[in-house]
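Trainee: quick one, fold the following:
(one chain, ligands or ions: 1)
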Amino acid sequence: MKTEGGSETAKRNAGERAAEEVTDGFVVGLGTGSTAAYAIEAIGRAVDDGLDVRGIPTSFQSRQLALEVGIPLTSLDAVDGVDLAIDGADQVRDNPSPNAETDANATADNGTLIKGGGGAHAREKLVAAAADRYLVVADPSKLIPELDRSVPVEILPAAHTTVAERVRELGGEPTLRDAEHKDGPVVTDNGNLVLDVAFGPIESPAELATTLAGIPGVVEHGLFIELADATYVGTDDGVEKRTY
Ligand SMILES: O=C[C@H](O)[C@H](O)[C@H](O)COP(=O)(O)O
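Mentor: The predicted model follows:
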């Protein structure tokens, strides 16, 4: 269930610009997906040129890529902290409200994300929350005034019917994510399943995030509330930076 759209040049520009923020001695969170991959590749080239960093991958996929490009790896439980994490997103709330000057809450949720199109959001959120700085890399197709994409919810396999029932009561329409090249559902890197839950436009992402987190059997959901420090929005010509 990946997002369509966004040129490779735009993604590359975003990823490579964010990778420039990595400096010597850093522990770096390595996000998952096609945009974060450009950052990982750029960090790998910098390591080739002598940069001293250790990476913490957020998925099997980002680990494989990091190994391929030669980034020394570590894990969350082996470090005192994470200096910086770079990651993609499926949607980024970006709402230049006309009321922003008079209404202090008008842009409060900007930078809130939906993640998990690749099912990696549980580990991604762990690393994001541990990072001193969390940079999102995206192309313009990801920016939207009000989040409306299905929310990926990683669940314990035994809980797929009970969680589905609970999210229906909340007004969501759950779909158990199917695997493309295997019979049956997607199994995450953590051995769990994913429900993609369509809620329509999400007016209060923070409220929904708290509610979803409280459902027994939910391991992690893809709403990232107030974690991002900045979004690097790549275009074909350069990069625009949004800070929060
Ligand atoms: O689970 C996957 C991650 O949350 C990705 O960061 C997200 O799906 C964005 O991926 P992409 O940059 O390929 O659109």
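Trainee: now for N13, how many residues are close by?
Mentor: A count of nearby residues for N13, using other CB atoms under 10 Å, gives 24. Every C-beta, even on glycine, is put in place using the N, C-alpha and C of the backbone.
Trainee: just give the nearest non-adjacent residue to the residue in the chain positioned nearest to the ligand, would you?
Mentor: Per CB to the nearest ligand atom, G33 is where the chain lies closest to the ligand, at 2.5 Å. Nearest residue to G33 in three dimensions, chain neighbours excluded: G88, at 3.9 Å (CB to CB, 6 or more residues apart in numbering).
Trainee: which positions in the top helix by length along the chain come out as buried?
Mentor: For the chain, the longest helix by residue count, based on DSSP state H, is helix 34-48. Using 16 or more other CB atoms under 10 Å as the test for burial, helix 34-48 gives 34-44, 46-47.
Trainee: quick check: domain ranges of this protein?
Mentor: Listed domain ranges for the chain are 8-146+223-243, 151-221 (source: automatic domain parsing).
Trainee: could you tell me the end-to-end distance of stretch 192-209?
Mentor: Length of stretch 192-209, first residue to last, CA to CA, to the nearest Å: 19 Å.
Trainee: give me the residues contacting that stretch.
Mentor: 1, 93, 109, 112, 116, 119, 122, 146-148, 150-157, 160, 163-164, 167, 170-177, 185-188, 219, 221, 223, 225-226 (CB atoms under 8 Å, 6 or more residues apart in numbering).
Trainee: return only those of those found close to the ligand.
Mentor: The overlap between these and the neighbours of the ligand (CB under 6 Å from any ligand atom) comes to G116, G119.
Trainee: just the buried residues of the contacts of stretch 192-209.
Mentor: For the contacts of stretch 192-209, a burial check counting by 16+ other CB under 10 Å picks out 1, 93, 109, 112, 116, 119, 122, 147, 150-156, 160, 163-164, 167, 172, 174, 177, 185-186, 188, 219, 221, 223, 225-226.
Trainee: so which of those residues sit within strands?
Mentor: R93, V151, P152, V153, E154, I155, P174, V219, H221, L223 (DSSP state E).
Trainee: interface residues of the chain facing the ligand?
Mentor: Within the chain, the residues that sit near the ligand (CB under 6 Å from any ligand atom) are 2-3, 31-36, 87-90, 115-121, 124.
Trainee: hmm, try it at 8 Å
Mentor: The chain comes close to the ligand at residues 2-3, 6, 11, 31-37, 58-59, 87-90, 115-121, 124, 137-138, 142, 152, 222, as judged by CB under 8 Å from any ligand atom.
Trainee: buried members of these into PyMOL, please.
Mentor: A single PyMOL command selects the buried members of these (16+ other CB under 10 Å):
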select buried, resi 3+6+11+31+32+33+34+35+36+37+58+59+87+88+89+90+115+116+117+118+119+120+121+124+137+138+142+152+222
